[in-house]
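Engineer: Build me a structure from this.
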Amino acid sequence: MNKNMPKARRVHLNKLAVQRINAYRRSQGLPPLDLTTVPLGNEVVPEGSIGLASANNATAAANLPPAVDNSKLDSFPLVRNQGDLGSCASFSTTYYVGTHMLGLARGWNNKNNDNDTKLSPK
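Structural biologist: I've put the predicted structure just below:
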């Protein structure tokens, strides 16, 4: 698996990360931070690449919230019942995670009963 998965050298912040950091800071009575973001999909800098270290990394690490709930995001689909389909693994991976990630990347609101933007667990 190691030969097929590049190791991350560094991780930059995207807009959602900064929003979560600042929401957590507000909940603690702290002012928001003005942090630089990268576009969605460009967060990971692979090992062996050339690039400057980000000053955001140390600041962000000290301000990360203890937990986040992705199910509250518009891109996360509504909870469904698999019924007698017997597809708990594909519901968790394809329907929830896949639909959420695709919706997050494309800006889709999946908090509805429309299946046009959701991946099928079948």
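Engineer: quick one: the strands in the protein?
Structural biologist: According to DSSP state E, the chain carries its strands in the segments 8-11, 44-46.
Engineer: Which strands or helices does the first one pack on?
Structural biologist: Spelled out, it's strand 8-11. strand 44-46 (3 or more C-beta pairs under 8 Å, 6 or more residues apart in numbering; DSSP states H and E). For every residue, glycine as well, the C-beta is placed using N, CA and C.
Engineer: distance between the strand it packs on and the chain's centre?
Structural biologist: Relative to its chain's centre, strand 44-46 lies at 15 Å (C-alpha atoms, centre = their mean, to the nearest Å).
Engineer: same check, this time on stretch 74-86
Structural biologist: Computed by C-alpha atoms, centre = their mean, the chain-centroid distance of stretch 74-86 equals 19 Å.
Engineer: Let me see the mean pLDDT of it.
Structural biologist: Per-residue pLDDT over stretch 74-86 has a mean of 86.
Engineer: End to end on stretch 86-104, go ahead and measure it.
Structural biologist: End-to-end distance for stretch 86-104: 27 Å, by C-alpha to C-alpha, to the nearest Å.
Engineer: buried stuff in it?
Structural biologist: Residues 87, 90, 91, 94, 95, 96, 98, 99, 100, 103, 104 are the ones in stretch 86-104 that count as buried (16 or more other C-beta atoms under 10 Å).
Engineer: mind putting those residues in a markdown table, distance to residue 79 included?
Structural biologist: Output for those, formatted as a markdown table (distance: C-beta to C-beta, whole Å):
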| residue | distance to residue 79 |
| --- | --- |
| 87 | 15 |
| 90 | 15 |
| 91 | 10 |
| 94 | 15 |
| 95 | 10 |
| 96 | 9 |
| 98 | 15 |
| 99 | 12 |
| 100 | 12 |
| 103 | 15 |
| 104 | 18 |
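Engineer: Which of these sits closest to residue 13?
Structural biologist: Nearest to residue 13 out of these is residue 104 (C-beta to C-beta; 14.9 Å).
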